[in-house]
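J.: I'd like to go over a predicted model; first the sequence, then the structure.
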Amino acid sequence: MDTVEKIVEDFASDIAMSPFSSGTRLRDMIRAIRACKTAAEERAVVRRECAEIRAAISEGGGEGIRHRNMAKLMFIHMLGYPTHFGQMECLKLIAAAGYPEKRVGYLGLMLLLDERQEVLMLVTNSLKQDLNHSNQFIVGLALCALGNICSAEMARDLSPEVERLMRSREVNTKKKAALCSVRIVRKVPDLAENFMGLASSLLKEKHHGILISAVQLCTELCKASKDALEYLRKNCIDGLVRILRDVSNSSYAPEYDVAGISDPFLHIRVLKLMHILGQGDADCSEYMNDILAQVATKTESNKNAANAILYECVQTIMGIEATSGLRVLAINILGRFLSNRDNNIRYVALNMLMRAITVDTQAVQRHRTTILECVKDADASIRKRALGLVFLLVNDTNVKPLTKELIDYLDLADPDFKEDLTAKICSIVERFSQEKLWYIDQMIKVLSLAGNHVKDDVWHALVVVISNASELQGYSVRSLYRSLQAFVDQGSLIRVAVWCIGEYGEMLVNNVGMLQLEEPITVTESDAVDAVQLALNRYSTDVTTRAMCLVALLKLSSRFPSTSERIKQIVSKNKENIVLELQQRSIEFSSIIQRHQSIRPSLLERMPALDEASYLVKRASTAQATLAADKPAPTVSPGGLKLPNGVAKPPTSPLADLLDLSSDAPVITPASTTAAPNDFLQDLLGIGGINSSTAGAPSSASTDILIDLLSIGSSPSQNGAPAADLSPPAQLGAVVPEATDLLSSLSSSTSVSGTKSAPAVQDMDLLDGLTSNTSVSGHDNYLSITAFQSATLKINFGFKKQPGKPQETTILATFTNLTSSSYTDFVFQAAVPKFIQLRLDPASGNIVPASGDGSVTQGFNVTNNQHGQKPLAMRIRMSYKVNDWNKAKSAIFLPGYSADRTRSLNTHIPKAIDRVRRRGEDRHIGERRQGEERGAATAESEERRAAAAAATESVERRAGRTMTGEE
């Protein structure tokens, strides 16, 4: 009985002395902090406790309370308060001899310090002593601390001790040493070779803890060193296959069992290491195939742990050089995942299938039906991922059924998902459409079901296609009319339908262009107007749609004269519209309907077919500019500038600005229906032609165009220049080129023929309108002319026609240096009007030898889209360096003009530029001087007002003092 009482008393005394017992201050502090109702009360408690701990530290308190204070500091640290003042206490506890003190000290070391703290350098010696300690638990504490906060210096100093401990007989010590070596290799990759043999030997152990640590170490070694990767491929594959086979075939073990699966964590670690070792190595992959097939077939997929193993097995199979049969097995596992009810499993399966489609597309295609079902899933992330996978699955053979499935779901899809779905459908239809009829049908369906969710370029593209498909225009307008009756709330559908009704209204009423399978519909002229009026009234806030409706009504007034009065009334309702655009259209259209009936049929003719190629180029360049604004577009539209391959774009110069040689964008000019066939000079300079009726009248329009072209200064007439200097000479029966009007210094005797005679010889056809007075040398199909010549540079153009392609001309440019100094960094640039396409080939070199000892050649191809109507024209620019000085020359190449006139034009263009630039500079200088004078006058006025105010204040102050008797 006395013995029992003594044991109870000893136990009570041990509890009272334990720093973690209920009677210590730690529990009281925790209780006090939890009882705080406000943050201020909590801070007060923490401050009080920290003050007591500081006092105990400064007084050098005994060993009995040091570990208790450290425990309280760790709790305070976890609350987020600063505890840096207790770092040295950690070192003192680590240096203590007892295990309880070391345990609290190492725990505080890992919590309160990290590898960036300088204090950590002081603990290296204590760690080394504890790693050599006879007590395995103290060794374990040191290994845990080293594995958590080890720095590069500590890793180099203590790696020998860790290597020695990896050979220990103790299981826990060996496992912790392996995990600590992972940190060492990560911090100092140069030490990887020291652990390769040890890691390979640990794979022969039986304990799962050691095995999983060894596998993790091998994985880190593969990432740190290529030599380690090759070493492990030769020495570890057998061990990994054995481990995976033993774990897969092992019986029930309670300590490793997770939901009936034996150690799934070891499974996954081994599979990840196999993925790294087998990637890019056929021999290792072949050795793994059998065990991977065994894991994939024997693991059941009805448990989450098993699904994790299967997923990692699939990743390994798709990452190594596996056989085709094994890859099909892996993709089939992912197909089973898609039928799982767990959203996470389906999502990772879709992710994996998107990567697997690049490896084996045919195997993924077998699960197309299941993937389509995932597009209709309730989970938004699964829908988007499945839609992306379907987009990758589409090819020429399955595009129609897949598109049909997606369009059918479009009506049921959530509004938030319709934008992504319509974008994918439209992209699929545009990429894989082989016939325009199918394209038009699918796009009309998309616009009918989700017209409010498509982007503008989608219906723009549909309009372009319809305008180019003359045989399908009647079918298109009838289909759109039917859709308009059923889906009147889809904005994009309304716009396309209104445009087509305005253009092809007579086809709608008369059933023109009926297809075999199409059913005729009865639509009267009044019905067509009703449809447009309904759209006009319904979309009262959409300015674009209402503007298109007004244009369509105007065109219908010409197509259906019987409805003109009604259309006039509808259009007139917008004369007082608050939107200026609609108001202006309404007034102008009403005037056309009422007063200009004679020109209305020709004015409202059907639009010509839109240039589909130019639209696609523009759309592609716009899309690329949106994705990467800092990258130039890869394609150049007709009329734009192309640089040779490998030649950087030179800096912009004033002359290049004038001639638009520094711009990659085509010059957009207003089209004129009265322009003569040879108005290419207007296109070349980026300006429009003027009517022959105004050619003989003095006008300042040409000067305004010149100012617009140069974008500098103001009109010369405003700066005192006489208008007569810039008035064009009269030309009878011809359109006078604007260049003649602009460059007043040109001789008025220069004549321009308003009609282009038919080419009589092959030479004229070769140059697209070369006149007979132009000097041409050559024979057969190859001609050579001097395109440019000055005192320093000569350029010859050699022309050659492509057989059967009269609109294409191949030109070989030869550049000859006439000076005694070589030209370096030579770059040739060219720009053409918008009706010509240009393709430049790389030059033969960028150094032009001096004194004509050699030459540089460069070929280019031009395609005249208006061959027979407009001749060839070109702007050329040459930039180069002479003795490290930048030089540049520009010219206009006009084979349809005489050599004298071309030379005169090239001579006077720089003079006209300089004259207008000087006038603009003078105007800016005058404005700046006026501004300075006004500023000086304003400053002087302010000074006078300030002086007057000061004088007034002084007088008032003196008067105040007099009133009070101070003076």
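T.: Received it, and whenever you're ready, just let me know what you need.
J.: only C-alpha atoms from now on, for both contacts and neighbour counts.
T.: Will do.
J.: wait, a strand at Tyr439?
T.: No - counting by DSSP: H, G, I helix; E, B strand; the rest coil, Tyr439 is located in no strand; its state is helix.
J.: and for the closest residue to it other than its chain neighbours, the neighbour number?
T.: Distance criterion C-alpha to C-alpha, 6 or more residues apart in numbering; nearest residue to Tyr439, sequence neighbours excluded, is Ser433 at 5.8 Å. For Ser433, the number of neighbouring residues by other C-alpha atoms under 10 Å comes to 16.
J.: and if you look at Asn148?
T.: Neighbour tally, Asn148, other C-alpha under 10 Å: 16.
J.: could you do the one 4 residues further on as well?
T.: The criterion is other C-alpha under 10 Å. On that basis, Ala152 has 16 neighbouring residues.
J.: can you pull the phi/psi pair for it?
T.: Ala152 adopts backbone torsions of phi -60, psi -40, taken as degrees, to the nearest 10.
J.: and the gap between it and His77?
T.: To His77, Ala152 is 26 Å away according to C-alpha to C-alpha, to the nearest Å.
J.: got it, and Ser381?
T.: 39 Å.
J.: neighbours around Glu321, how many?
T.: Counted with other C-alpha under 10 Å, Glu321 comes out at 21.
J.: what mean pLDDT does the helix or strand where Ile138 lies get?
T.: Counting by DSSP states H and E, the element that carries Ile138 is helix 136-149. For helix 136-149, mean pLDDT rounds to 90.
J.: figure out how far that helix is from the centre of its chain.
T.: 49 Å (C-alpha atoms, centre = their mean, to the nearest Å).
J.: so which elements touch that helix?
T.: helix 99-112, helix 124-131, helix 171-187 (3 or more C-alpha pairs under 8 Å, 6 or more residues apart in numbering; DSSP states H and E).
J.: report the angle between the shortest one and helix 136-149.
T.: In other words, helix 124-131. 140 degrees (axes from the mean of the first three to the mean of the last three C-alpha atoms, to 10 degrees).
J.: the first one too?
T.: Angle between the axes of helix 99-112 and helix 136-149 is 10 degrees (criterion: the same axes, to 10 degrees).
J.: quick one, strands of the stretch 1-150 of the chain?
T.: Shown for the stretch 1-150 of the chain, no strands are assigned by DSSP state E, counting those that start in this stretch.
J.: equivalent analysis for the stretch 801-950 of the chain, please.
T.: Taking DSSP E, counting those that start in this stretch as the criterion, the stretch 801-950 of the chain carries its strands at 805-817, 824-831, 836-840, 855-864, 874-882, 885-893.
J.: Ser540 and Arg546 touch, don't they?
T.: Yes - under the criterion of C-alpha atoms under 8 Å, Ser540 makes contact with Arg546 at 7.0 Å.
J.: who has more neighbours out of the two?
T.: Arg546 (24 against 10).
J.: in the stretch 551-700 of the chain, which ranges drop under the pLDDT threshold?
T.: Within the stretch 551-700 of the chain, the stretches with pLDDT under 70 are 623-700.
J.: what is the mean pLDDT for stretch 276-289?
T.: 89.
J.: in that stretch, which residues are buried?
T.: 276-279, 284-285, 288-289 (16 or more other C-alpha atoms under 10 Å).
J.: hmm, who's touching that stretch?
T.: Stretch 276-289 is contacted by residues 219, 222, 229, 232-233, 237, 241, 274, 319-323, 326 when judged by C-alpha atoms under 8 Å, 6 or more residues apart in numbering.
J.: recalculate using a threshold of 10 Å.
T.: Residues outside stretch 276-289 that contact it (C-alpha atoms under 10 Å, 6 or more residues apart in numbering) are 218-219, 222-223, 229-230, 232-234, 236-238, 240-241, 271-272, 274-275, 292, 316-323, 326.
J.: of those, grab the buried ones for ChimeraX.
T.: In ChimeraX, this line selects whichever of the contacts of stretch 276-289 come out buried by 16+ other C-alpha under 10 Å:
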select :218,219,222,229,232,233,236,237,240,241,271,272,274,275,292,316,317,318,319,320,321,322,326
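J.: circling back to that earlier point, need the helices and strands packed on helix 136-149 in JSON lines with distance to Gln365 and mean neighbour count, can you?
T.: As requested, these are exported to JSON lines (distance: least, C-alpha to C-alpha, whole Å; neighbours: other C-alpha atoms under 10 Å):
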{"stretch": "helix 99-112", "distance to Gln365": "52", "mean neighbour count": "20"}
{"stretch": "helix 124-131", "distance to Gln365": "58", "mean neighbour count": "18"}
{"stretch": "helix 171-187", "distance to Gln365": "42", "mean neighbour count": "23"}
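J.: now tabulate those helices in a markdown table and tack on distance to Leu392 and mean pLDDT.
T.: As requested, the helices and strands packed on helix 136-149 are arranged in a markdown table below (distance: least, C-alpha to C-alpha, whole Å; pLDDT from 0 to 100):
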| stretch | distance to Leu392 | mean pLDDT |
| --- | --- | --- |
| helix 99-112 | 49 | 86 |
| helix 124-131 | 56 | 87 |
| helix 171-187 | 39 | 91 |
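J.: in a markdown table: these, plus distance to Asp263.
T.: As requested, the helices and strands packed on helix 136-149 are arranged in a markdown table below (distance: least, C-alpha to C-alpha, whole Å):
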| stretch | distance to Asp263 |
| --- | --- |
| helix 99-112 | 29 |
| helix 124-131 | 30 |
| helix 171-187 | 16 |
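J.: out of those helices, which comes closest to Ala35?
T.: Closest to Ala35 of those is helix 99-112 (C-alpha to C-alpha; 25.1 Å).
J.: so which elements touch the closest one?
T.: In terms of contacts (3 or more C-alpha pairs under 10 Å, 6 or more residues apart in numbering; DSSP states H and E), helix 99-112 is packed against helix 63-78, helix 87-94, helix 136-149.
J.: Gly98: what's it in contact with?
T.: Ile138.
J.: so how far is Leu310 from it?
T.: Distance of Gly98 to Leu310, computed by C-alpha to C-alpha: 48 Å.
J.: measure how far stretch 198-205 is from the centre of its chain, please.
T.: Put simply, stretch 198-205 sits 48 Å off its chain's centre (C-alpha atoms, centre = their mean).
J.: show me which positions of that stretch end up buried.
T.: Those would be 198-204, for stretch 198-205 by 16+ other C-alpha under 10 Å.
J.: same list, those residues, but as CSV with pLDDT and secondary structure please.
T.: Listed next are those as CSV, based on pLDDT from 0 to 100; DSSP: H, G, I helix; E, B strand; the rest coil:
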residue, pLDDT, secondary structure
Leu198, 90, helix
Ala199, 89, helix
Ser200, 90, helix
Ser201, 90, helix
Leu202, 91, helix
Leu203, 89, coil
Lys204, 88, coil
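J.: in those residues, find the pair that's most separated.
T.: Leu198 and Lys204 (10.5 Å).
J.: pop the domain breakdown of this structure in here.
T.: Following the TED database, one gets these domains for the chain: 394-612, 782-893.
J.: would you list these in TSV and tack on distance to Lys618?
T.: TSV is the format used below for the domains of the chain (distance: least, C-alpha to C-alpha, whole Å):
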stretch	distance to Lys618
domain 394-612	10
domain 782-893	13
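J.: and those domains, which one's lowest on average pLDDT?
T.: Among the domains of the chain, domain 782-893 has the lowest mean pLDDT, at a mean of 84.
J.: re earlier: select, out of the strands of the stretch 801-950 of the chain, the one closest to Leu120.
T.: strand 824-831 (60.1 Å).
J.: summarise which helices and strands that closest one is packed against.
T.: Using 3+ C-alpha pairs under 10 Å, 6+ apart: strand 824-831 touches strand 805-817, strand 836-840, strand 855-864, strand 874-882, strand 885-893.
J.: out of the buried residues of stretch 276-289, which sit inside helices?
T.: Counting by DSSP state H, the buried residues of stretch 276-289 place 276-278, 284-285, 288-289 in helices.
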